[in-house]
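[1] Mind looking at a prediction? Sequence and model below.
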Amino acid sequence: MEYKIIVSYQDGKTIQKEVKDKQAEPLFGLKIGEEFNGETIGLSGHVLKITGGSDKDGFPMRQDLDGNRRVKLLLSKSVGFRPVEHGERRKKRVRGNTINEDTVQINTKVIKPEKYENPEEKKAEEAPEESKS
């Protein structure tokens with residue numbers, strides 16, 4: 001299975017990394033709000049914080065729902081529901097806060113470093129310098 005990891009930098013730039021089964025195994029069991037080393041997904045020198053995600057059917061993950069189960073909750077304005085009218089509430093399906101094999105997309109933000117560093121651009125810059133010497 002393939003997982004999409006969305007990495008958001010503090011300056012507003014985002015990148016999307018796709019990881020396969022073996023590379024994503026260290027992420028299983030992590031919860032929303034936890035931090036992990038970016039080297040597990042190929043971003044060395046980065047520390048990433050999980051901010052959310054969604055499962056294989058598109059249901060969003062909620063931080064206040066423990067576990068990895070999918071449940072139907074009565075929601076007002078919050079993750080998983082945007083009301084049209086004031087005071088509107090509806091029952092909506094949402095996923096728990098723990099990453100498992102049903103999770104398809106994981107949203108993260110960068111804790112360190114603060115600025116955007118594209119790994120592909122960095123490799124391209126290093127290659128010409130080596131050929132000059």
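    Received it, and whenever you're ready, just let me know what you need.
[2] Okay, and the residue most central in space within the chain sits in which element?
    The residue lying closest to the centre of the chain (CA atoms, centre = their mean) is Asn107, at 2.0 Å. In the assignment (DSSP states H and E), Asn107 maps to strand 103-112.
[3] What are the boundaries of the strands in the protein?
    Using DSSP state E, the strands of the chain run over 3-8, 14-19, 35-37, 47-55, 70-75, 90-95, 103-112.
[4] Quick one: these as TSV, columns for mean pLDDT and distance to Met61 too.
    For glycine as for every other residue, the C-beta is placed from the backbone atoms N, C-alpha and C. Output for the strands of the chain, formatted as TSV (pLDDT from 0 to 100; distance: least, CB to CB, whole Å):
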stretch	mean pLDDT	distance to Met61
strand 3-8	93	13
strand 14-19	92	17
strand 35-37	92	16
strand 47-55	94	5
strand 70-75	94	10
strand 90-95	94	5
strand 103-112	92	7
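[5] could you dump those to CSV with distance to Arg82?
    Converted to CSV, the strands of the chain look like this (distance: least, CB to CB, whole Å):
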stretch, distance to Arg82
strand 3-8, 20
strand 14-19, 21
strand 35-37, 28
strand 47-55, 15
strand 70-75, 10
strand 90-95, 10
strand 103-112, 17
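[6] Out of the ones you listed, which is closest to Arg62?
    Nearest to Arg62 among the strands of the chain is strand 90-95 (4.8 Å), distances taken as CB to CB.
[7] Which residues does that closest one contact?
    Contact partners of strand 90-95, identified using CB atoms under 8 Å, 6 or more residues apart in numbering, comprise 53-55, 59-62, 65, 68-75, 79-81, 83, 102-103.
[8] same thing but 6 Å
    Strand 90-95 is contacted by residues 55, 59-62, 70, 72-75, 80-81 when judged by CB atoms under 6 Å, 6 or more residues apart in numbering.
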